[in-house]
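Chemist: Sequence first, then the predicted structure:
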Amino acid sequence: MKILVLGGAGYIGSHTVSELIDAGDEVVIADNLETGHIEAVHSQAAFYQGDIRDRAFVDSVFEKEKIDGVIHFAANSLVGESMKNPLKYYDNNLYGTKVLLESMVAHGVDKIVFSSTAATYGEPESIPILESDRTEPTNPYGETKLSMEKMMKWTGVAHGLRYVALRYFNACGAHVNGHIGEAHNPETHLIPLILQVPNGQRKAISIYGDDYDTKDGTCVRDYIHVTDLAQAHILAMKYLMEGNESNVFNLGNGIGFTVKEVIETARKVTGHPIPAEITPRRGGDPAKLIASSDKAKKILGWNPQHADLEEIIRTAWNWHKNHPNGYAQ
Ligand code: UFG
């Protein structure tokens, strides 16, 4: 199969490309390298640099390559940034997807797996979160991702396109080979920020609030290894290739860890005391997000292999200690 991976030079995209190639698929990557990294582009993949908002560019990829299915990661994904600059998210995430879907319809490509997010739910109505729960995003990032899901749904109704939306919880960790990993600039995610302390780049980690209604007062999240996420994309594409209907799946381990527990685990993995300081809450953080991934396990046959938080942080540490500046030298 020849799979087009949009955003294949990014964090989750590059790990998915690696799994696809290991599984024997042909991979074509398109990425504008705005947040992706040329160093993360797999040597066995064809690479086109360009933007999904550029219809001529997207058309040219479909014309040059005979694509069987699309995996779509090309989007902006920072909650805080989306609050400050919502229109950037409407432009890249929504308009970009509109252009992509138009081009797919025009070229008869009718299968797409798409990275969605737990942010589509907003403040959860119950824990663990089910796919059938209320979706009421509390920020433009989640809102645009939910709208992207709807855009695919209605494109499917009109043109027969089928999609799988994968709602990730907290993506983390790095490839066990140590060659690819998480590299955001600026970094906002908890685990890479914690690891900046033993790396000598930060004096202490800030805990954003310890007065939440959780067991130790800090926020609870469901941390899921990036390679397990990558595997879910392969299973979702197989599901579509087998002729199944469009669907939405949560991806998480179903286990919640507090911020303090994550810091404590990082201390154990790195052997560094990692000082922590309590700072005010970050606006818009829900107290607790834990997925029910039973649906993905049952329907896709998904079976996460790296559920242990210590192992997740060990893979992240293996990447960050050898790449303290990400892909930059
Ligand atoms: N946190 C800290 N200190 C830090 C950074 C984070 O205490 O320096 C806390 C946050 O308050 C949060 C937890 O650590 O409680 C995890 O924060 P991240 O920024 O790593 O991740 P989020 O849970 O905020 O974000 C994730 C995904 C988003 C998605 C969101 C849904 O990364 O894509 O869940 O709410 F939108």
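Modeler: Thanks, I have the structure now. Residues are numbered from 1 along each chain as shown.

Chemist: So, low pLDDT: which residues of the chain?
Modeler: 329 (pLDDT under 70).

Chemist: which bits of it sit near the ligand?
Modeler: Applying Cβ under 6 Å from any ligand atom, we find that the chain lies next to the ligand at 77, 79, 117-119, 141-142, 170, 188-190, 193, 205-208, 219, 221, 259, 282, 285, 289. The way it works is simple: take the backbone N, C-alpha and C, and place the C-beta from them, glycine included.

Chemist: can you give me the helices in this protein?
Modeler: Under the criterion DSSP state H, helices of the chain are mapped to 11-22, 55-64, 79-84, 86-89, 96-106, 140-159, 190-195, 226-241, 259-270, 294-295, 309-322.

Chemist: As TSV, those helices with mean neighbour count would be great.
Modeler: Formatted as TSV, the helices of the chain follow (neighbours: other Cβ atoms under 10 Å):
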stretch	mean neighbour count
helix 11-22	24
helix 55-64	16
helix 79-84	17
helix 86-89	16
helix 96-106	21
helix 140-159	19
helix 190-195	23
helix 226-241	22
helix 259-270	20
helix 294-295	16
helix 309-322	20
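
Chemist: Same list (the ones you listed) but as CSV, adding distance to residue 40.
Modeler: Shown next, in CSV, are these (distance: least, Cβ to Cβ, whole Å):
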stretch, distance to residue 40
helix 11-22, 4
helix 55-64, 19
helix 79-84, 21
helix 86-89, 22
helix 96-106, 20
helix 140-159, 22
helix 190-195, 15
helix 226-241, 12
helix 259-270, 24
helix 294-295, 30
helix 309-322, 11
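
Chemist: Relative to residue 129, which of these is closest?
Modeler: helix 294-295 (11.1 Å; Cβ to Cβ).

Chemist: So for whatever residue of the stretch 1-150 of the chain ends up closest to the ligand, what's the nearest residue that isn't a sequence neighbour?
Modeler: The minimum distance from the stretch 1-150 of the chain to the ligand, using Cβ to the nearest ligand atom, falls at residue 119 (3.2 Å). Spatial nearest neighbour of residue 119, chain neighbours left out: residue 142 (3.1 Å); criterion: Cβ to Cβ, 6 or more residues apart in numbering.

Chemist: who are the neighbours in contact with the one you found?
Modeler: By Cβ atoms under 8 Å, 6 or more residues apart in numbering, the contact set of residue 142 is 79, 117, 119, 120, 121, 122.

Chemist: try 10 Å this time
Modeler: Going by Cβ atoms under 10 Å, 6 or more residues apart in numbering, residue 142 touches 79, 82, 89, 116-122, 135-136, 167, 284.

Chemist: And for residue 266?
Modeler: 190-191, 194-195, 197-198, 205, 272, 274, 276, 309-310, 313-314, 316-317.

Chemist: so which pair among the residues you listed is furthest apart in space?
Modeler: 276 and 314 (19.7 Å).

Chemist: re earlier: between the contacts of residue 266, which sits nearest the ligand?
Modeler: Looking across those and measuring by Cβ to the nearest ligand atom, the closest to the ligand is residue 190, at 3.7 Å.

Chemist: Settle this for me: that closest one is touching residue 182, isn't it.
Modeler: No. The criterion here is Cβ atoms under 10 Å, and residue 190 misses it with residue 182 at 11.0 Å.

Chemist: Spit out the contact partners of the residue lying farthest from the centre of the chain.
Modeler: In terms of distance from the mean C-alpha position of the chain, residue 273 ranks first, at 29.4 Å (Cα atoms, centre = their mean). By Cβ under 10 Å, 6+ apart, residue 273 lies in contact with 197, 198, 204, 267.

Chemist: Most neighbours out of the residues you listed, which is it?
Modeler: residue 197 (21 neighbours; other Cβ atoms under 10 Å).

Chemist: Tell me the spacing between the closest residue to residue 103 other than its chain neighbours and residue 150.
Modeler: The shortest distance from residue 103 to any non-neighbouring residue, by Cβ to Cβ, 6+ apart, is to residue 58 (4.3 Å). Per Cβ to Cβ, to the nearest Å, residue 58 is found 21 Å from residue 150.
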